[in-house]
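# need coordinates for the below:
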Amino acid sequence: MPVPPPAPVWKPVAANLFLGVFALIPLYFVSWLVTHLLPMDCRSFEEMGAPGIENCDYTTLDHYPVVLGGLVVFGGLLILLTLLVDVAVPMWRRRSPGPWLAWTPLIAVPYLVFYLLTAGWGGPGS
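Predicted coordinates for the structure are as follows:
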């Protein structure tokens, strides 16, 4: 059976950029956890009144389980979609997944553009 010609370059580029739009959700969750939860001194509501703990936010403690759960769900879906699009589909079409996997870093591009466009924006009137 003859080997099919390689896929045009725009197909893996477009597919990985599209996956990057979906990746906005788990990547935002990761950045929220790093910027909000990690700098805090406490990890539970019981620690809020303890002596020596100054950097403790009730809202962050209240939201982080939801954010962590969303990261697990949407991050898992992103990994499954990436495996499906970049590995399974090319192999099903009897093509090498190498060119598709080479363009996988493009998944982060939409988030980086979003981050750069919103960096330093403190809201209305700032």
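
# state the helix or strand in which the residue nearest the centre of the chain lies.
By C-alpha atoms, centre = their mean, the mean C-alpha position of the chain lies nearest to residue 27, the distance being 2.6 Å. Assignment of secondary structure by DSSP states H and E places residue 27 within helix 24-32.

# and after that helix, which helix or strand comes next?
Toward the C-terminus, helix 24-32 is succeeded by helix 58-83 as the next helix or strand (DSSP H and E).

# rewinding a little: helices and strands around the helix holding residue 27, which ones?
helix 58-83, helix 109-118 (3 or more C-beta pairs under 8 Å, 6 or more residues apart in numbering; DSSP states H and E). (Each C-beta comes from the backbone N, C-alpha and C, glycine too.)

# what mean pLDDT does the first one get?
By that I understand helix 58-83. In this model, helix 58-83 has a mean pLDDT of 90.

# and for the helix or strand just after that helix, what's in contact with it?
Using DSSP H and E, the helix or strand that follows helix 58-83 in sequence is helix 89-92. Applying C-beta atoms under 8 Å, 6 or more residues apart in numbering, the contact partners of helix 89-92 are 7, 96, 97, 99, 100.

# isn't the third one right next to residue 84, touching?
No. Assessed by C-beta atoms under 8 Å, residue 97 is found out of contact with residue 84, at 11.0 Å.

# would you turn the helices and strands packed on helix 24-32 into CSV with distance to residue 15?
As requested, the helices and strands packed on helix 24-32 are arranged in CSV below (distance: least, C-beta to C-beta, whole Å):
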stretch, distance to residue 15
helix 58-83, 10
helix 109-118, 13
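
# now render these as a markdown table, adding mean neighbour count.
Converted to a markdown table, the helices and strands packed on helix 24-32 look like this (neighbours: other C-beta atoms under 10 Å):
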| stretch | mean neighbour count |
| --- | --- |
| helix 58-83 | 14 |
| helix 109-118 | 13 |
